[in-house]
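Colleague: heads up, no residue letters with this:
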């Protein structure tokens with residue numbers, strides 16, 4: 001009999017270490033860093049805890065050992081695929097958003113096929129331990145050795161906690177990530193998959209309270225910059241603010257965390273009104289959240305209507321549509337002005353929190369006729385519920401009532417993939433076109449992945465001949481073809497408005513929900529006007545705010561993102577709101593611009609910060625103070641936290657008393 005000289009615990013530790021290192025190499029493209037040390041430290045306690053399976057006999061121990069390794073490997077492979085697809089790790093909070101998971105099967109299948117060798121690589125540690133099975137000692141542990149396992153667990157856990165105190169100051173230090181800040185993306189990178197998963201479950205179970213910085217002295221971004229006339233006179237437009245007695249709110253609650261939330265909003269600088277305040281007051285609004293719309297699809301030849309609106313209305317040269325999961329992340333950002341996280345989105349859906357400043361609610365209070373439409377499943381993401389909280393009580397979508405009749409490809413009383421955005425516009429305009437003033441919200445679908453000409457995208461196939469000569473790969477051509485349908489839909493809308501004699505009295509706002517993230521960065525760069533990175537610039541896109549009666553285009557170079565659209569629109573239409581209670585800021589105000597990505601990277605008018613490398617790249621000719629990066633990081637952390645508390649506390653109702 002061969003001597004079994006390999007200790008089962010030692011083999012398991014090696015298995016976990018190797019799996020974590022391979023995962024880091026695949027996802028974060030790094031083998032060794034300070035994060036690797038923390039990952040290894042925080043793995044150790046759990047390897048000892050997992051090895052409590054050694055209380056059984058040799059045969060059972062061996063079976064449990066490999067079953068445990070297989071389950072852990074599958075989980076790592078799942079996390080890898082999820083991260084590749086959504087650019088964020090899986091959080092158990094996402095389970096509340098999983099209703100339509102099977103609708104992504106075609107894309108998921110393509111992802112697995114395209115990353116087959118990376119997935120196999122994650123199974124290598126398991127394969128190695130299986131090859132070593134004859135040399136591993138699976139003996140049963142008696143009470144003494146079992147207690148020793150507990151001792152090693154507490155010892156290694158204590159050492160890992162002590163290591164956190166080495167560097168406490170940075171907002172995203174390992175210490176703050178562990179005790180004060182809930183950044184799922186940073187947790188996975190810093191502590192590894194196993195520890196980050198444990199933190200995720202623990203925080204969801206026990207309702208983790210994040211640290212709030214209440215003094216706002218670091219909020220250098222939100223401070224309005226003074227504006228002067230040509231002869232040097234200070235211009236005072238006033239602020240977008242309402243009267244809220246925060247002192248009374250603070251004194252009347254015993255919830256310490258809520259006191260801090262009140263204090264944050266009390267101290268937060270309001271955005272000032274500006275020369276564009278009320279510019280569109282009384283006009284109609286058509287707001288379009290366009291599936292996967294991105295600047296790489298825009299050209300004067302193929303998408304002339306989109307091109308015209310981009311370059312003859314407000315022209316935003318530094319706008320970002322950050323991807324947070326998928327369409328629901330983009331809809332949350334643009335609809336509420338807050339930053340989504342997996343936990344925040346789930347809570348938003350479950351608690352059905354009304355936002356009084358959302359387009360439907362704000363415009364209906366102004367006497368507008370409001371309505372919303374989506375040319376895919378009525379219940380997708382639970383949209384039939386949260387549309388009401390955005391103020392759209394008469395939302396219409398596919399597979400409810402006779403909405404399917406709008407689409408020529410419908411069968412047996414059901415919409416079929418993919419419905420036409422053009423047909424949605426043409427079929428719904430009569431609902432509101434004569435009931436002015438109106439505020440209409442569309443969520444399109446024709447630009448949806450997968451992007452190919454072989455199956456799953458009838459829209460791309462429809463316009464294949466128009467893109468066949470483009471010097472791009474097939475996937476990119478198919479994507480651009482899908483966006484031609486959106487362009488035709490906007491052409492149809494403008495024609496309808498013109499025929500009704502209300503084009504000059506209508507403002508069109510259009511933004512993409514996210515970039516086409518099923519395309520690789522290299523594929524996006526085939527059609528991009530400059531080389532984009534896969535973290536920040538991949539999200540750079542267009543925001544359309546267009547009115548035919550504008551005498552000339554207005555160029556805006558300030559940085560902005562989806563969360564800024566709501567306050568910008570409210571200001572343009574002269575609708576009263578308290579800018580302190582919307583996380584996003586009016587892009588047309590005088591404060592510095594800020595765009596925040598899902599991994600907490602950010603862009604300001606001064607430069608770009610890459611959270612993964614902790615590197616700040618100033619814009620050419622710009623110099624910032626030594627505390628600038630830490631200040632903006634603190635602000636970004638607070639914005640994530642406050643976005644969460646606006647939902648979990650149902651804060652607008654609490655403060656404004658509006659239900």
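Modeller: Sure thing, it's come through. Source: prediction; values computed, not measured.
Colleague: ok, the nearest residue to residue 517 once chain neighbours are set aside - how many residues close by?
Modeller: In space, and not counting its chain neighbours, residue 517 is closest to residue 323: 5.5 Å by Cβ to Cβ, 6 or more residues apart in numbering. Any C-beta I mention is one placed from the backbone N, CA and C, and that applies to glycine too. By the criterion of other Cβ atoms under 10 Å, residue 323 has 23 neighbours.
Colleague: now swap in the one 5 residues further on and tell me
Modeller: Residue 328 is flanked by 22 other residues according to other Cβ under 10 Å.
Colleague: let me know the secondary structure of it.
Modeller: Three-state call for residue 328 (DSSP: H, G, I helix; E, B strand; the rest coil): helix.
Colleague: that one is in contact with residue 381, isn't it?
Modeller: Yes: under the criterion of Cβ atoms under 8 Å, residue 328 makes contact with residue 381 at 4.7 Å.
Colleague: any idea which helix or strand comes after the helix ranked longest in the chain?
Modeller: Under DSSP state H, the helix in the chain containing the largest number of residues is helix 58-86. Counting by DSSP states H and E, the next helix or strand C-terminal to helix 58-86 is helix 105-114.
Colleague: can you tell me what sits against that next one?
Modeller: Helix 105-114 is contacted by residues 81, 84, 85, 119, 449, 450, 456, 518 when judged by Cβ atoms under 8 Å, 6 or more residues apart in numbering.
Colleague: most widely separated two among those?
Modeller: Pairwise distances among the contacts of helix 105-114 were taken by Cβ to Cβ; the largest, 22.0 Å, belongs to 119 and 456.
Colleague: give the contact list for the residue nearest to residue 517.
Modeller: Neighbouring residues of residue 323 by Cβ under 8 Å, 6+ apart: 86, 87, 329, 330, 514, 515, 517, 539, 598.
Colleague: same thing but 6 Å
Modeller: If you count contacts by Cβ atoms under 6 Å, 6 or more residues apart in numbering, residue 323 has them with 87, 514, 517.
Colleague: next, count neighbours for the last one.
Modeller: In other words, residue 517. What residue 517 shows, counting by other Cβ under 10 Å, is a neighbour count of 22.
Colleague: do the same with the first one
Modeller: Here the count is done by other Cβ under 10 Å, and residue 87 has 22 residues near it.
Colleague: just the second one next, same as before
Modeller: Look at residue 514: counted by other Cβ under 10 Å, it has 27 neighbours.
Colleague: ok but it is inside a strand, no?
Modeller: No: read with three-state DSSP, residue 514 is coil and lies in no strand.
Colleague: confidence score at it?
Modeller: We have a pLDDT of 94 for residue 514.
Colleague: okay, now the unreliable bits of this structure?
Modeller: 1-5, 52-54, 96-107, 214-224, 658-659 (pLDDT under 70).
Colleague: which residue would you name as the spatial centre of it?
Modeller: residue 324 (1.6 Å; Cα atoms, centre = their mean).
Colleague: my guess is that one contacts residue 598. True?
Modeller: Yes: proximity of residue 324 to residue 598 meets the contact threshold set by Cβ atoms under 6 Å, at 4.9 Å.
Colleague: and the residue nearest to the centre of the chain, how far from residue 313?
Modeller: Noted for residue 324: a distance of 26 Å to residue 313, by Cβ to Cβ, to the nearest Å.
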